[in-house]
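> Here's a sequence, model it:
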Amino acid sequence: MSNRPPQAKGPPAVQHEPATPARGAAAGQAPPSAAAQRPAPGPAGAAVPLAPVPATWQAAPRLRRLATIGVAVTLLALLTRHADLLLLGAPALAALAAARRGGRPGTLDAAVTAAPSRCFEGEDVEIVATVAGPVDEATFRIEPGPAVTVVDGPLTQVVVAGQPASARWVLQPHAWGRHQLCTVTARCTDGMGQAPLTLRPERVEVFPHPPPARATLLPADLLRRIGEHTATAPGAGIEFYGIRGYQPGDRLRDLNWAVTSRLGQPHVNQRAALRAADLVIMIDAFSDVGPPGDTTLDLAVRGAAGLATAYLRTGDRVGVVVLGGVLRWLAPSPGNRQFFKIVEMAFGVRFPSEATPDLDRVPRTALPPRALVVLFSPLLDRRALNAVTDLRQRGVSLVIVDVLTREPPAEPRQPLSQLAVRLWRLDRGALRSGLSSLGVPVLAWDSGTGLEAAQAPMGRGGGVSASRARGGGVGAELRGQRIRAVR
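Presented below is the predicted three-dimensional model:
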């Protein structure tokens, strides 16, 4: 990514810094304070050079009205044979005779800018449209894109005798991705002629707003690397682990005087070791249902951003695997730059395809053996369940976060429609129950709350089992229980 200008205020729940190789954090460095880990905006007030835009001149509405009046009065005078009626149309005919003809430029200098060029969801983006040229009046109208709201400025703005003529709006995007936030139409009027111009700003990179999350989901077997997670093994930590007999070299401040006085021999307290973890986030891009800006894929990417932020903050390594039309992955790595690499990879997940991903193509470095895998999925596509089967057969510690928050609509006056929704609920419950019975926890996440509420049933620091599935794996077990993924 290119060098970014000075930073602006960002959401308090995240910590970001520009993903520039020269300025990014070194490997293993934890994210800095909350105001630093944020994509820097583009220049808010920088002057952008105007570019010539082809202008096709047409008759202005006032010219058409004058011509209509003049022709009507002339015809009426001819039909009634009253020459005095021509006096009524004389002003209109005089205006037509004095109207400017020819000499209009074939291009007009115009531009539309969007600042900042990078932002988070829900932040303000300023749109400024400018037209410079020999025009008497300029009418600007903005058409915001999907999942974009106008928070400041009327949709239609008229500028009279401005050099240059400009209009300003403030938009708020509510969907992550690289978007063209709006289209601005400028109608330039010069005398009796007008020229419509269509202006489109550059695409804006909208980063997903990470929901609040904590690094509480851990694999059963942590890595033998220093971190911030309490392991089930003795070491140089801070939490109590156990008591053992004194050995030469133990520190005197670790002596447990109560046990020592009771047993008559010196005993010391043991502390639990602090270890690191590897997290691999999987995003199910096969299904994308819901309104724009709040689809299941939007929730999955936001959840992935929140979980990545929480684990990178503790110094863990985080990677991502996208299950979609094109199987993509990013090997786990620590540091600030990893967050932006994950988000930039998520920008291209909307790729419809009927292909089935082959997890054998994912290298061992991208899916470490003792990593915790968190799959964000609505559990609507059989290919996602097949991926769960593959992961369970490999003995991977797996957690599924269900991002489907809406039920199919039911018609209140149609009993069969309500019955279908009830069957759908039973089928979804059977699917979650079947996955849970096979050692795959399924966490329900409501988009209105943070990930902390979804992680609560797992408990603080709850380990996730990595036992292998027996027989045909999850897929065979689910087929045996007649559990299907129903849209």
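> Next up, identify which helix or strand Ser433 is on.
Per DSSP states H and E, Ser433 falls inside helix 415-437.
> Contact partners for the residue lying farthest from the centre of the chain?
Most distant from the centre of the chain: Arg81, at 72.9 Å, with distances by C-alpha atoms, centre = their mean. For Arg81, no residue meets the contact criterion (C-beta atoms under 8 Å, 6 or more residues apart in numbering). Every C-beta, even on glycine, is put in place using the N, C-alpha and C of the backbone.
> Backbone dihedrals for it, both of them.
Dihedral pair for Arg81: phi 60, psi 40, per degrees, to the nearest 10.
> i'd like the first residue to be 152 from this point on
In the new numbering, first residue 152, that becomes Arg232.
> Could you report the separation of it from Leu226?
Counting by C-beta to C-beta, to the nearest Å, the gap from Arg232 to Leu226 is 12 Å.
> likewise Gly475?
Going from Gly475 to Leu226 by C-beta to C-beta gives 67 Å.
> Please say which of these two ends up with more neighbours.
Per other C-beta atoms under 10 Å, whichever of Gly475 and Leu226 has more neighbours is Gly475, with 22 against 12.
> Relative to Phe437, how far out is the more buried one?
From Gly475 across to Phe437, the span is 6 Å (C-beta to C-beta).
> Also Val513?
Noted for Val513: a distance of 16 Å to Phe437, by C-beta to C-beta.
> Tell me which of these two has more neighbours.
Higher neighbour count among Val513 and Phe437: Phe437, with 24 against 18, using other C-beta under 10 Å.
> So the more buried one lies in a helix, does it not?
No: counting by DSSP: H, G, I helix; E, B strand; the rest coil, Phe437 falls outside a helix, being coil.
> Isn't it up against Arg534?
Yes: counting by C-beta atoms under 8 Å, Arg534 is a contact partner of Phe437 at 5.6 Å.
> Between the two, which contacts overlap?
Residues touching both Phe437 and Arg534 by C-beta under 8 Å, 6+ apart: Leu474.
> before we move on, back to that, relative to Glu277, how far out is the residue farthest from the centre of the chain?
The gap separating Arg232 from Glu277 is 63 Å, by C-beta to C-beta.
> Next: Pro362.
Separation of Pro362 from Glu277 (C-beta to C-beta): 26 Å.
> Please say which of these two ends up with more neighbours.
For Pro362 and Glu277, the more surrounded residue by other C-beta under 10 Å is Pro362, and the numbers stand at 24 against 18.
> Let's verify the more buried one: helix, strand, or coil?
Recorded secondary structure, Pro362: coil (three-state DSSP).
> Can you give me the pLDDT of it?
On pLDDT, Pro362 comes in at 85.
> so it touches Leu602, yeah?
Yes: between Pro362 and Leu602 a contact is recorded at 5.3 Å, counting by C-beta under 8 Å.
> which neighbours do the two share?
Here Pro362 and Leu602 have 454, 457 as joint contacts, going by C-beta under 8 Å, 6+ apart.
> and the strand or helix carrying Val494, which residues are buried?
Using DSSP H and E, Val494 maps to helix 487-497. Residues of helix 487-497 classed as buried: 487-494, 496-497 (neighbour count, 16 or more other C-beta atoms under 10 Å).
> Rebuild the residues you listed as JSON lines, extending it with pLDDT.
Formatted as JSON lines, the buried residues of helix 487-497 follow (pLDDT from 0 to 100):
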{"residue": "Asn487", "pLDDT": "84"}
{"residue": "Arg488", "pLDDT": "88"}
{"residue": "Gln489", "pLDDT": "89"}
{"residue": "Phe490", "pLDDT": "89"}
{"residue": "Phe491", "pLDDT": "87"}
{"residue": "Lys492", "pLDDT": "89"}
{"residue": "Ile493", "pLDDT": "89"}
{"residue": "Val494", "pLDDT": "87"}
{"residue": "Met496", "pLDDT": "86"}
{"residue": "Ala497", "pLDDT": "84"}
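> which one of these is nearest Gly454?
Closest approach between the buried residues of helix 487-497 and Gly454, by C-beta to C-beta: Ala497, at 10.9 Å.
> measure the spatially closest residue to Thr207 that is not a sequence neighbour to Gly257 for me?
Among residues not flanking Thr207 along the chain, Ala346 sits closest, at 6.0 Å (C-beta to C-beta, 6 or more residues apart in numbering). The gap separating Ala346 from Gly257 is 10 Å, by C-beta to C-beta.
> returning to that earlier point: and the helix holding Ser584, what does it pack against?
Applying 3 or more C-beta pairs under 8 Å, 6 or more residues apart in numbering; DSSP states H and E, one finds that helix 566-588 contacts strand 593-595, helix 624-631.
> Would you single out the least confident of those?
With a mean of 41, helix 624-631 has the lowest mean pLDDT of these.
> and Val204, which of the three is it?
Under three-state DSSP, Val204 falls in the strand class.
> wait, what's in contact with the closest residue to it other than its chain neighbours?
Counting by C-beta to C-beta, 6+ apart, Val204 lies nearest to Ala261, which is 4.7 Å off, once chain neighbours are set aside. Contact analysis of Ala261 by C-beta under 8 Å, 6+ apart lists 201-202, 204, 280-284, 337, 348, 350.
> Break the protein down into its structural domains.
202-206+255-358, 211-249, 377-426, 429-631 (automatic domain parsing).
> Indicate which one of those domains is closest to Leu368.
For the domains of the chain, the distance to Leu368 is smallest for domain 429-631, at 5.8 Å, taking C-beta to C-beta.
> isn't the residue nearest to Thr207 right next to Leu259, touching?
Yes: with contact defined as C-beta under 8 Å, Ala346 counts as touching Leu259 (6.7 Å).
> Give me the common contacts of these two.
Residues touching both Ala346 and Leu259 (C-beta under 8 Å, 6+ apart): 206, 339.
> Now stretch 303-319: buried residues?
304, 308, 310, 313, 315-318.
> Then stretch 389-409?
392, 401, 407.
> how far away is the closest residue to Thr447 other than its chain neighbours from Ala451?
Nearest non-adjacent residue to Thr447, counting by C-beta to C-beta, 6+ apart: Pro529, 4.2 Å away. Taking C-beta to C-beta as the measure, Pro529 falls 8 Å from Ala451.
> which residues are common contacts for these two?
435, 554.
> tell me the contacts of Val471?
Val471 neighbours (C-beta under 8 Å, 6+ apart): 431-434, 455, 459, 480-481, 493, 496-497.
> tell me the secondary structure for it?
Val471 falls in the strand class when you classify it by three-state DSSP.
> again, but for Leu531
From three-state DSSP, the assignment for Leu531 is coil.
> Ok, Thr219 next?
When classified by three-state DSSP, Thr219 comes out as helix.
> burial of it, as a residue count?
Neighbour tally, Thr219, other C-beta under 10 Å: 11.
> Same question for Thr349.
Other residues lying near Thr349 total 12 when counted by other C-beta under 10 Å.
> Quickly run through the sheet partners of whatever helix or strand it lives in, with directions.
Secondary structure from DSSP H and E places Thr349 in strand 344-350. Here strand 344-350 has these sheet partners by DSSP bridges: strand 209-210 (antiparallel), strand 333-341 (antiparallel).
> Now render the ones you listed as CSV, adding mean neighbour count.
Shown next, in CSV, are the strands paired with strand 344-350 (neighbours: other C-beta atoms under 10 Å):
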stretch, mean neighbour count
strand 209-210, 13
strand 333-341, 21
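> Include distance to Phe358 and mean pLDDT when you put those into TSV, please.
Listed next are the strands paired with strand 344-350 as TSV, based on distance: least, C-beta to C-beta, whole Å; pLDDT from 0 to 100:
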stretch	distance to Phe358	mean pLDDT
strand 209-210	42	64
strand 333-341	19	87
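> This completes my enquiry, with thanks.
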